[in-house]
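here is the input, now give the coordinates:
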Amino acid sequence: MKNVTLRGLRIFEAVARQRSFSRAAAELHLTQPAVSMQVRALEEEAGLPLTEQIGKKIFLTDAGAELARHARLIASQLAAAEEALAALRGLAGGRLAVGVVSTAKYFAPRLLAQFRARHPGIALQLEVHNRQTIVRQLADNEIDLAIMGRPPEELATAADVFAPNPQLIIAAPEHRLARRRRLAAVDIEAETFLVRESGSGTRSAMERYFLEQGIAPAQRFEMASNETIKQAVMAGMGISFLSQNTIGLELDSGLLVRLAVAGTPVVRQWHVVRLAQKQLSPVAAAFRDFLCLEGAALLVRHTIKQ
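Residues are numbered from 1 along each chain as shown. Next comes the predicted model:
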């Protein structure tokens, strides 16, 4: 039945339900000959009679009853699709997939929770990975939006700034430099640095800072997570360069201290990133707008004050 149209099925369903060509025509605001013509076209397509007339009454054949059942199913599916699209337009439903670099995992769930509280019908998918994996997921269209510090240069993307990302040099409270009120960059060059893996946004920001300050700390231990670095710094293994968003609790409780080094904090930016050619769904576009309008204030509000 390759040439069957939705209009033809809708007309036949009305005939089947009304058991009358004239009543179906009145319901659909059509002429009776137009309704009869559509039913005849369906019969030709099916290769079977769909109705039979006994006296003045219309009855469905077995083929007609079967086609009427499918017509109702199709109408039901179309109505469900229309409701789903209406829900998306009104943000009453829909799905949002967000990827965040590991440094952003300390605040991104709170932002998503705030957004979902306003739109409880949406389904959320949160991916937390290192920068390279998030960039790959963007490229493969596995996520709608990414929250990261520096937009990828290797991929055609569109990015919007939504909040500052201050980065600090931190140490254990017992570190020999912890009580110094002012430090030059050269004062930390001989220290052991605990650093993120190559390719991480935090690592890239740290290396740019070293380059700008003209220093090159030689003693570096590479670690794959912020949590491991924080524990190692607290244990006295060295100092580190981390986003303030990842260490608010430790700074507030005195487990870590910020070193007052010249040129810090290094203030970068948090971006919400999407593929340049991606057509955002209404939900994804609303979340991007939410971050751009309210993200910075919410981030400050939820950051533990030092």
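
show me what contacts residue 119?
Residues in contact with residue 119, defined by C-beta atoms under 8 Å, 6 or more residues apart in numbering, are 91-92, 283, 286. In short, each C-beta sits where N, CA and C put it, glycine included.

can you list phi and psi of it for me?
Residue 119 has phi and psi values of phi -130, psi 70 when expressed as degrees, to the nearest 10.

for stretch 18-37, buried residues please.
18, 20-21, 23-25, 28, 30, 35-36 (16 or more other C-beta atoms under 10 Å).

which one of those residues is nearest residue 292?
Using C-beta to C-beta, residue 28 is the member of those that sits closest to residue 292, with 47.3 Å.

where's that closest one relative to residue 172, distance?
Counting by C-beta to C-beta, to the nearest Å, the gap between residue 28 and residue 172 amounts to 79 Å.

which strand or helix spans residue 236?
No secondary structure element spans residue 236, as it lies outside all helices and strands (assigned by DSSP states H and E).

outline the domain layout of this structure.
The chain breaks down into these domains under automatic domain parsing: 6-89, 95-163+269-302, 164-267.

ends of the longest one, what's the gap?
What it means is domain 164-267. In terms of C-alpha to C-alpha, to the nearest Å, the two terminal residues of domain 164-267 are separated by 6 Å.

for it, what is the distance to the chain centroid?
30 Å (C-alpha atoms, centre = their mean, to the nearest Å).

for residue 49, which non-adjacent residue is spatially closest?
Excluding its sequence neighbours, the residue lying closest to residue 49 (C-beta to C-beta, 6 or more residues apart in numbering) is residue 61, at 5.3 Å.

got TSV for the domains of the chain, with mean pLDDT too?
Formatted as TSV, those follow (pLDDT from 0 to 100):
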stretch	mean pLDDT
domain 6-89	90
domain 95-163+269-302	92
domain 164-267	94
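
out of the contacts of residue 119, which is nearest to residue 55?
Proximity to residue 55 was ranked across the contacts of residue 119 by C-beta to C-beta; first place goes to residue 92, at 50.0 Å.
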